[in-house]
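Undergrad: sequence first, then the predicted structure, then my questions.
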Amino acid sequence: MDKNLGLYICTGCSIGEAIDIEKLGNISKNALKVPVVKSHFALCGKEGVALIKNDIKSEGVNTVIIAACSSRVKYKEFDFPGCIVERVPVRELAVWSQEPEQAQLAAEDYVKMGVIKAQKGDIPEPYITETVKTILVIGGGVAGMTSALQAANAGYQVVLVEKEAQLGGFVNKLYKKVPTAPGEYSAPLIVDTDIDKMVKEVGSNRNIKVFKSAKVEKTDGQPGAYDVTISSNGNSEVVKIGAVVLAAGWRPYDAAKLEHLGYGKSRDVVTNIEFEELARKGKITRPSDGKEAKKVAFIQCAGQRDPNHLPYCSAMCCVTSLKQAQYVRQNPDATAMILYKDIRTPGKLEYYYKAAQDDPGVMLTKGEVTGVSDAGNGNLFVEMENSLFGEKVKVEADLVVLATGVVPATVDDPILNLQYRQGPGLPDLDLFDGFADSNFICFQYETRRTGVYAAGCVRQPMNMAEAQEDAAGAALKAIQAAEHVAKGIAVHPRAWDTTYPDAFMQRCTSCKRCTEECPFGAIDEDEKGTPFYKPGRCRRCATCMGACPERIVSFKDYHVDMIGSMMKNVSVPSEDDQPRIIVLACENDSYPAIDTAAMKHAKFDPAVRFIQLRCLGSTNLVWLADALSRGVDGMLLLGCKYGENYQCHFAKGSELANYRLGKVQETLNRLQLESERVGMIQLAIDEYDKIPTIINDFVARVKEIGPNPFKGF
Amino acid sequence: MSEQNNKQASRILVIGGGFSGLTTAVDAAETGAEVIVVERNPYLGGRVAQLNKYFPKLCPPICGLEINFRRIKTNPSISFYTMAEVDNITGGPGDYSVTVKLNPRYVNDNCVACNACAEACPAERPNEYNFGMDTTKAAYLPFTQAFPQKYVIDSAHCKGDCGKACQTACKYDAIDLGMKAGTITVKVDSVVVATGWNPYDANKLDILGFGKVKNVITNMMMERLASPAGPTAGKLVRPSDGKPVQTVAFVQCAGSRDENHLPFCSYICCLASLKQATYIREQNPESKVRIFYIDIRTPGRYEKFYWKVKDDPNVTLTKGKVASVVQAEGSDDVVVIAEDMMTGDKVKVKVDMVVLATGMEPAGAAKKLSGVDYNENGFALSGTGVFATGCSKNPMDVAKSGQDATGAVMRAIQTGQRR
Ligand SMILES: Cc1cc2nc3c(=O)[nH]c(=O)nc-3n(C[C@H](O)[C@H](O)[C@H](O)COP(=O)(O)OP(=O)(O)OC[C@H]3O[C@@H](n4cnc5c(N)ncnc54)[C@H](O)[C@@H]3O)c2cc1C
Ligand code: SF4
C-alpha cells in the first residue's frame, strides 16, 4: 500500500509541558519526512479523534502514528479501520517515567521508532486456503460422545473414532452411576448410567460418522486441512478434518503392581472396576467361593498419591467408593467400610458425601493402609497405621476393593500419530504425568499442537459429570480453531492476528533451526530437508523469525528489518558517562509491567529505551550484534518465567531467547565486547515495582564495564 | 457446513465479568457470537483480580487477565458495561429481553487516568478491594492494573462540600458529578450466569473470633496482604500492630462443610491455604505455619503441590476441628484451641496471626436474578437458554472456571434464534 503518514502528538497528560512539541514535530517532518504532523491537547477526546478522522478522509492519511499514551489504553478511540495505526507511548515512556530534562530526547527516540515501524509495516492480509470444519473426536467414551453430540448439534460434521467394537468406553462396565443431573444428589444415590441412550443418540445423529474398532493411523497436514488416516477392520480411509478433540480416556492403574494390598494374592481383593462387574451380576459375591459379601472394605488411594505408583490423586475414586458402598448396602445386612487418607468430595459433591455417609451401614475411617493379609477364616485383614482407631489396627473384611486410579491413554501412546517433524504425540506430557493437560491455569485447553484439544480423563482425572462439561469445552475450542483457520486468523493467544510467517525461501540454507524451535511444530521439512510452513499450525509468536540466521522470516507488521531499523534510530549519546541501553520486552507481560510502573510515575534510568516484541522468542541475534556494533552500551531482555512452571504464552519463547543469548557470546567476542553487556531477566506482569531497580542494576553493571568502544563509529 | 455460515451470529449476554464471565465472552466472540458482558464492579476480572498468586504455579492472576483484556479490546463483537447490574430477564431461549441498570461512575470516557482527581479529592473511603485494610480517596482507580483504566467516584463518600475539587482538577472534562443511573434493554438469544461468589461472612463464625479477636483475618485478606499492590505493599505484617508475622495458624473449612453455614465444600480453600503458607515461608525463613484441617483436598495433579508444602519442616498439618480462637492474655497474639483427631489430644497453640480459610458462597445466596433458577444454597442452575458457569454454579478453581465457561459457550451458541 502507498503510505500516507500522519503523526499526531498529544500535548495533554503533561506531555506538552515536558516536551518541545514544535521541535518534535519538525524532526518528524524534516528528518523522517512525515507529511502531516499535528498536535492536540486531548487527542483521545472527541475533537482530537475527529481531527485524525478528518485527515484520513480529506488528506488521504492512511498510516496514523499517535504519539500519546500506551496502546493498552484508549484503544477504542484510536481505532481507524483500514489504516495502519502505530501507538507511541510518549506519555508513559518519555514523560511520566523520565525526569523532565530527559523527556525530550526520549520522546524523539520513541517517535522516530514509531514512524519507522509504521513505514516498515503493512496491513496484514490473512492466509486463506481451502479448509474443512469437520471435527474429529478420538475416543467414544462419555467425553468423546459428548463432544461429538455437542459439535454435531451445533451444525458441524463429526467423525468419531473408537478403538473398541462398541461405543461407551468405561461406562459400559459400570453397574450404576452417581446422579449427574444438576448435582444436587438427593436420593436415589445410584442411578442407571443410561449410556445406551447416549450411544443411540450418537448413532442416529446424521452429522456424526462413527468408526468402531478403529484407530488413527496418521494425522497429516494442519488445522483446517488435516488428512487423517483411519483404519478400521482392516480397511483404511483418509478423511479431511478441521480440528481434533482428543478424548482417548484412561485405563485403571495396573493392580498387579499393588501386591502389598493383596491383589493377585487373594482372589477376594478386587479393583473398583472389577467390583462394578461383580455388582452388575446382581448379588455381590466373593470371587473365591461365591459367598455373598457382607463386609466390604474399600481401600482408597490404591496406588494414587504415592510417589512409587501414581504421584497424583485420581479425583474420582472417593466418590466412586461412596457410590459402590451403596451397591453393598443394597443388601441391608451388608456393611461397607471406606479406609481413606482424605475424603475428597470438593464443591457440591460434599452433598453426596453427606448423603452417603448418613447411612450407619457405611463407615469411614482415616488411616494409612499398610497391607492386606489372610485372616485365616476365609476373610481378609486390612492392616492400618495412624488410624482414627489407633496406631496399628486390623479391620476384617470378606471382600476388599482397591480404589485404583486413573492412567491417561496418552501415557504411552501418541494416539494422534501426528506427522510432524517434532514427533507423533503432544509435547510436554512428562510435565503432566502423561496427561494431555495444559500448562496454563487460565487456558485449560491449550496444548502445543494447534487445533488439538483434549477432554475427559486423558486431560485430567475427573468424574463423569465433569468429563461431560470438559467435552463441551473441548468441542467448542475445536470449532473455534476450525473457524479461525478458515478465516486465516490465529488462535490463542493472538486470536486477533491475521498475519502469518512469510519466509523468503530462496535464501534458506536448511539449517533447520526454525523447525526445531517452533513451539508448535508448525514447520516441517520436505524430502530435501528444506523447511516449509504449515501456517494453520502457527500461533504467530515469531520464534522462527528470531531463530533464522538468514533473517528471511517476516510478518506483514513485524520483521527483523523493522525492529532492527527502529533500533538503528535510537540515539546513542556520545558522552562516555551517558550509556544507551536497549530493553527488548515481551508485549504480553513485561511490557504491561513497564507500562504500569510508568503509570505509577516510577522513574527509569534515562539510559534505557524500550522496544516491545511479540514474544522474546522472536529475538533475532542480529539485533544485538547490530546495536552493539553501533555503540549501544547494553541490551537487556525482559521476558516471562521459564522452566517447569513457565509463564510464556508461547510456551518456549523466553526460554529460547535465553538459549540464544548463550550463543551470542561468540558474536560479542568477535566484536571484542564483554558478554555482560547483554542480559536477560525473567519478569512477571505484577512485578512492576521491581523494574526501576532491575534497570538501575543493569545500567550500573554496564557502566562498570565502561562505554562501548564502538561509540561514535 | 454452509448452513453454519448463513446463520446469524448468536447473541449472548454474560452476567458477571470475573474469570468465568471473561472466558465465556472471549470464547463466544472468537467463535462468532455477539457478546455483551454486564459487570457490577467498576472493573473486570472479578475475585481473581484480588488474588496475589495462583496455586500451584504461583503465577500472577493479572497475566491471564491481561491477555483476555487484549482479546476484548481487539474484538469488536464484545461489548461490556461496568457498574452495571441485571434487573430483569424476560422472554425465552432465542428471544430474551434483559434490562440492565447502569450505575453512575461520575467519570466519563474522557478520563486519561492521570490521578489529578484523586489528588484533589479531600474525602476518603474504605478500600473494599483491600477488604477495608486501607483507604482510597472518594475519587479513585480501583487498583493499579484495573481494566478499564478509568477512575470512579464513590458517591457514598463524596462529601460534595469541597467545591467539586475533582471536577476543577480534571483538565479533560472527564468528571460529571451530575451523572444519573440509566437503564438499557438488550435482546439476546441466551444468557450465561457467571456471577461468581462472595467470601462467606466470617463474622458469622462465632467461635473463630473474627471481628472480636485481634489478628484474625480471612484468606482473602491474606491475599491482599501478600500482594505487592496490597495495603502493606506485600509485607506480611499483622493488622493490630504491624509486627511481621512469624507464626501463623490456618483454620480450614471455616464455615464450609458445616450444616449451620455452608453445607458444601468450597474446593479451593485447602489449596489456597497451602499456597498462602508459601507466601509466609518465602518471606520469612524462620516462620512457622500450622494448618488445622478435616480433609486436605488437593485433587488431581494438585497433589504434588500439597507434597511440596507438606515437605517443608516448618509447615505442620493437623487433622482436627478448631474449637475456639481467643486473644492471648496480655498480648495481641492469638490462641487456637483444637482437637487433634488422630491422637485425641487437645492442642493449644499461640500464634501471631490466624487465617480463617473462609469459603466461597455463591452470588445467588445474596442476590437472586429473576429468571434464573437456584438451589437452596444459592447455586445457579442451568436451563435451556440460561446457563450457569463458574463459581455461581459450583465452587471451583480458576482452571475449572475457565474450562467450565468454555463448555457453557458450547451450549449457549446452540440456542436457536427466534428472531
Ligand atoms: C482465598 C482464596 C484464594 C484463591 N486462590 C485461588 C488460586 O490460587 N487459584 C485458583 O485457581 N483459584 C483460587 N481461588 C478461587 C477463585 O477465586 C475462583 O475460582 C474464581 O474467582 C471464580 O471466578 P468466577 O468468575 O466464577 O467468579 P468471580 O471471580 O466471583 O466473578 C464474578 C463476577 O460477577 C460479578 N457479579 C456478581 N453478581 C453480579 C450481578 N448481579 N450483575 C453483574 N455482575 C455481577 C462480580 O462482581 C464478579 O466480578 C481462590 C479463592 C479464595 C477464596
Ligand atoms: S477445600 Fe478444604 S478447607 Fe475448603 S471447604 Fe473443602 S475441605 Fe474445607
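TA: Yes, it's here. Ligands and ions are numbered 1, 2, ... in the order given.

Undergrad: show me where the stretch 201-350 of chain B has its strands.
TA: Here the stretch 201-350 of chain B has its strands, by DSSP state E, counting those that start in this stretch, at B:216-218, B:247-254, B:288-293, B:315-319, B:322-327, B:334-339, B:346-351.

Undergrad: buried set for stretch A:357-367?
TA: A:357, A:362, A:364, A:366-367 (16 or more other C-beta atoms under 10 Å in any protein chain shown). C-betas here are computed from N, CA, C, even on glycine.

Undergrad: an error on my part: the question was meant for stretch A:79-99.
TA: Those buried within stretch A:79-99 under the rule 16+ other C-beta under 10 Å are A:80, A:83-98.

Undergrad: ok, now stretch A:503-520?
TA: A:503, A:508, A:512-515, A:517-520.

Undergrad: equivalent analysis for stretch B:255-269, please.
TA: B:255-258, B:261-262, B:264-269.

Undergrad: that stretch and chain A, are they touching?
TA: Yes - against chain A, stretch B:255-269 shows contacts by C-beta under 8 Å from any C-beta of the partner chain at B:257, B:263-267.

Undergrad: right, and residue A:142 touches residue A:195 too?
TA: Yes - under the criterion of C-beta atoms under 8 Å, residue A:142 makes contact with residue A:195 at 7.2 Å.

Undergrad: what do the two both touch?
TA: A:168, A:171 (C-beta atoms under 8 Å, 6 or more residues apart in numbering or on different chains).

Undergrad: the more surrounded of the two?
TA: residue A:142 (28 against 21; other C-beta atoms under 10 Å in any protein chain shown).

Undergrad: residue contacts, that one?
TA: Per C-beta under 8 Å, 6+ apart, neighbours of residue A:142: A:168-169, A:171, A:195, A:198, A:456, A:464, A:467-468, A:471.

Undergrad: quick check: domain ranges of the chain?
TA: Going with chain A. As given by automatic domain parsing, the domain ranges for chain A are A:1-123, A:135-251+A:408-487, A:254-403, A:559-713.

Undergrad: should've been chain B
TA: Following automatic domain parsing, chain B resolves into domains at B:3-103+B:181-197+B:361-417, B:116-169, B:201-358.

Undergrad: quick check: residues of the stretch 401-550 of chain A near ligand 1?
TA: residue A:441 (C-beta under 6 Å from any ligand atom).

Undergrad: can you redo the domains of chain A as a markdown table with distance to residue B:179?
TA: Formatted as a markdown table, the domains of chain A follow (distance: least, C-beta to C-beta, whole Å):
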| stretch | distance to residue B:179 |
| --- | --- |
| domain A:1-123 | 17 |
| domain A:135-251+A:408-487 | 34 |
| domain A:254-403 | 40 |
| domain A:559-713 | 24 |
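
Undergrad: and the strands in the stretch 1-150 of chain A, which stretches?
TA: Under the criterion DSSP E, counting those that start in this stretch, strands of the stretch 1-150 of chain A are mapped to A:5-10, A:36-40, A:63-67, A:84-88, A:135-138.

Undergrad: make TSV out of these and add distance to residue A:704 and mean pLDDT.
TA: As requested, the strands of the stretch 1-150 of chain A are exported to TSV (distance: least, C-beta to C-beta, whole Å; pLDDT from 0 to 100):
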stretch	distance to residue A:704	mean pLDDT
strand A:5-10	37	98
strand A:36-40	41	97
strand A:63-67	34	98
strand A:84-88	32	98
strand A:135-138	58	98
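
Undergrad: tell me, how many residues neighbour residue 284?
TA: Because you didn't say which chain, this covers chain A. 21.

Undergrad: think we crossed wires, I meant chain B
TA: Residue B:284 has 16 nearby residues by other C-beta under 10 Å.

Undergrad: any idea how far it is from residue B:243?
TA: Residue B:284 sits 12 Å away from residue B:243, going by C-beta to C-beta, to the nearest Å.

Undergrad: then residue A:421?
TA: 59 Å.

Undergrad: one more: residue A:310?
TA: Relative to residue B:243, residue A:310 is positioned 43 Å away (C-beta to C-beta).

Undergrad: before we move on, what about residue A:526?
TA: In terms of C-beta to C-beta, residue A:526 sits 68 Å off from residue B:243.

Undergrad: which of the contacts of residue A:142 fall in helices?
TA: A:195, A:198, A:464, A:467-468, A:471 (DSSP state H).

Undergrad: show me the contacts for residue B:223.
TA: Neighbours of residue B:223 in contact, by C-beta under 8 Å, 6+ apart: B:50-52, B:230, B:272, B:276.

Undergrad: so which of those also contact chain A?
TA: Near chain A, by the rule C-beta under 8 Å from any C-beta, you find none of the contacts of residue B:223.

Undergrad: chain neighbours aside, what residue packs nearest to the residue of the stretch 1-150 of chain B found nearest ligand 2?
TA: Proximity of the stretch 1-150 of chain B to ligand 2 (C-beta to the nearest ligand atom) peaks at residue B:55, 11.5 Å away. In space, and not counting its chain neighbours, residue B:55 is closest to residue B:275: 4.1 Å by C-beta to C-beta, 6 or more residues apart in numbering or on different chains.

Undergrad: what do you get for residue A:534?
TA: Nearest one to residue A:534, counting by C-beta to C-beta, 6+ apart, is residue A:222 at 3.9 Å.

Undergrad: ramachandran angles for that neighbour?
TA: Dihedral pair for residue A:222: phi -160, psi 170, per degrees, to the nearest 10.

Undergrad: from residue A:532, how far off is it?
TA: 11 Å.

Undergrad: which of these two has more neighbours?
TA: The neighbour comparison of residue A:222 against residue A:532 (other C-beta under 10 Å) goes to residue A:222, with 23 against 13.

Undergrad: need the residues of chain B near ligand 1, please.
TA: B:15-21, B:38-41, B:46-48, B:51, B:54-55, B:85-86, B:194-197, B:219-220, B:223, B:268, B:272, B:275, B:360, B:363, B:367, B:390-391, B:396-399, B:401.

Undergrad: I'd like to know which of those are part of strands.
TA: Among the residues of chain B next to ligand 1, the ones falling in strands (DSSP state E) are B:15, B:38, B:85-86, B:197, B:360.

Undergrad: got these as CSV, with pLDDT columns?
TA: Output for those, formatted as CSV (pLDDT from 0 to 100):
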residue, pLDDT
B:15, 98
B:38, 98
B:85, 96
B:86, 96
B:197, 98
B:360, 98
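
Undergrad: okay, these in a markdown table with neighbour count next?
TA: Converted to a markdown table, these look like this (neighbours: other C-beta atoms under 10 Å in any protein chain shown):
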| residue | neighbour count |
| --- | --- |
| B:15 | 30 |
| B:38 | 27 |
| B:85 | 17 |
| B:86 | 23 |
| B:197 | 25 |
| B:360 | 27 |
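
Undergrad: just those residues now: which is nearest residue A:5?
TA: Distances from residue A:5 to those, taken as C-beta to C-beta, are shortest for residue B:38 (40.4 Å).
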